[in-house]
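Novice: Sequence plus the predicted model coming up.
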Amino acid sequence: MRYQDTAKRNNHYRCLEYDHDQPGDLCLVACGMEKCDPGEDSGVHIRDCYHLHVVRSGTGVLYAGGKTIHPHAGQFFLLKHNGRYQYIADAKDPWDYCWVTYCGADAKRLSEEIGFVDGIYCLDSDVPAERFYELVSRMHQYPEMNRTSDLRRRGILLEFVALALDATESVCPNRGRAHAYSEDVYVSRAVDFIHYNYATINVSDVVNFIGFNRSYFATVFHRKVGASPQEYIRQYRLNKSCLLLSGTGLPIQEVAARVGYENQMSFARMFKKAYGVTPTEFRAKNRTDDPVLGAGHK
């Protein structure tokens with residue numbers, strides 16, 4: 001939106017606009033909100049960048065890609081880079097919307113992951129429009145043309161795009177899979193997450209970290225590792241307890257707590273089931289005190 005257009009706007013129009021030719025993966029060019037006047041007409045223009053609108057109330061008509069579309073409250077509509085568009089607020093129930101305008105090397109890909117693939121200009125949203133308005137309002141709290149404010153606005157833009165991805169998940173359930181990591185990478189990251197956090201996590205934490213459906217994740221993990229996530233966490237904890245038992249003089253209760261067992265009896269029961277001896281018996285046979293383990297092992 002160029003500044004000369006603002007003469008046509010009412011006092012419900014707010015916009016920040018910056019350089020349209022910024023370098024980078026994803027850059028904020030403009031952001032704003034407007035409660036349109038009845039019948040307000042954008043005119044026919046070829047738009048640069050990507051202009052993502054979130055409609056809070058009202059409706060109107062969008063002419064895009066040879067189509068006539070009627071975006072309304074609870075929907076997004078997108079003006080894509082180098083496309084010719086016209087959009088007109090309804091004469092009786094005009095739009096109230098907010099928008100972000102963005103460019104960059106990832107702009108097209110992210111727009112498509114939201115669901116705006118070829119021929120699609122309007123999508124339903126599962127997220128209340130007010131949440132997007134809040135993000136745009138936050139951007140407007142940092143209007144200054146300096147590096148610090150630019151980074152803040154760009155961070156909020158990433159939140160906006162992530163929220164848009166969430167908002168269209170139900171209508172685009174398979175979008176973005178071509179850009180996902182391989183199963184091997186997901187499992188490797190899950191294993192690393194367990195190794196870093198084994199004493200304080202459960203399977204739900206690992207599933208949330210990876211972002212898969214729990215059942216699907218368990219299937220993939222078992223196929224790649226040969227054990228369920230629960231079994232892997234349990235065995236990793238017990239392996240760590242063996243190091244502490246053989247390499248330190250820590251009380252059994254503290255060993256149990258360090259590897260994630262609040263109850264010493266539960267720890268002893270699981271340990272004997274796995275190794276055939278109690279923790280005390282294991283220590284008696286394998287004691288080789290290691291001051292490093294005793295001082296700082298986590």
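Specialist: Looks like it came in fine.
Novice: Tell me, please, where in the stretch 101-250 of the chain the pLDDT is lower than the cut-off.
Specialist: For the stretch 101-250 of the chain, the stretches with pLDDT under 70 are 173-180.
Novice: so what's S42 closest to, chain neighbours aside?
Specialist: Y87 (4.9 Å; C-beta to C-beta, 6 or more residues apart in numbering). Yep, even glycine has a C-beta here, placed from its N, CA and C like the rest.
Novice: Roughly how far does the one you found sit from D192?
Specialist: For Y87, the distance to D192 equals 47 Å [C-beta to C-beta, to the nearest Å].
Novice: Please apply the same query to A129.
Specialist: 38 Å.
Novice: try Y18
Specialist: 39 Å.
Novice: So between those two, which is more surrounded?
Specialist: Under the criterion of other C-beta atoms under 10 Å, the comparison of Y18 against D192 puts Y18 first, with 15 against 11.
Novice: Provide the backbone phi and psi angles at that one.
Specialist: Y18 adopts backbone torsions of phi -130, psi -170, taken as degrees, to the nearest 10.
Novice: right, and F267 touches Y261 too?
Specialist: Yes. Contact status for F267 versus Y261: in contact at 3.7 Å, counting by C-beta atoms under 8 Å.
Novice: hang on, the earlier thing: the residue nearest to S42 sits in which helix or strand?
Specialist: strand 83-89 (DSSP states H and E).
Novice: Can you show me the strands along the protein?
Specialist: Under the criterion DSSP state E, the chain contains strands at 14-17, 27-35, 45-47, 50-57, 60-64, 67-69, 75-79, 83-89, 96-103, 122-124.
Novice: ok, A89 - how many residues close by?
Specialist: A89 has 23 nearby residues by other C-beta under 10 Å.
Novice: Hmm, it is touching W95, no?
Specialist: Yes. Between A89 and W95 a contact is recorded at 4.8 Å, counting by C-beta under 8 Å.
Novice: which residues are common contacts for the two?
Specialist: C36, G58, G60 (C-beta atoms under 8 Å, 6 or more residues apart in numbering).
Novice: Which residues are in contact with the second one?
Specialist: By C-beta under 8 Å, 6+ apart, the contact list for G58 reads C36, H72, A73, A89, D90, D93, P94, W95, D96, Y97.
Novice: Which one (most neighbours) among the residues you listed?
Specialist: With neighbours taken as other C-beta under 10 Å, the top of the contacts of G58 is Y97, carrying 27 neighbours.
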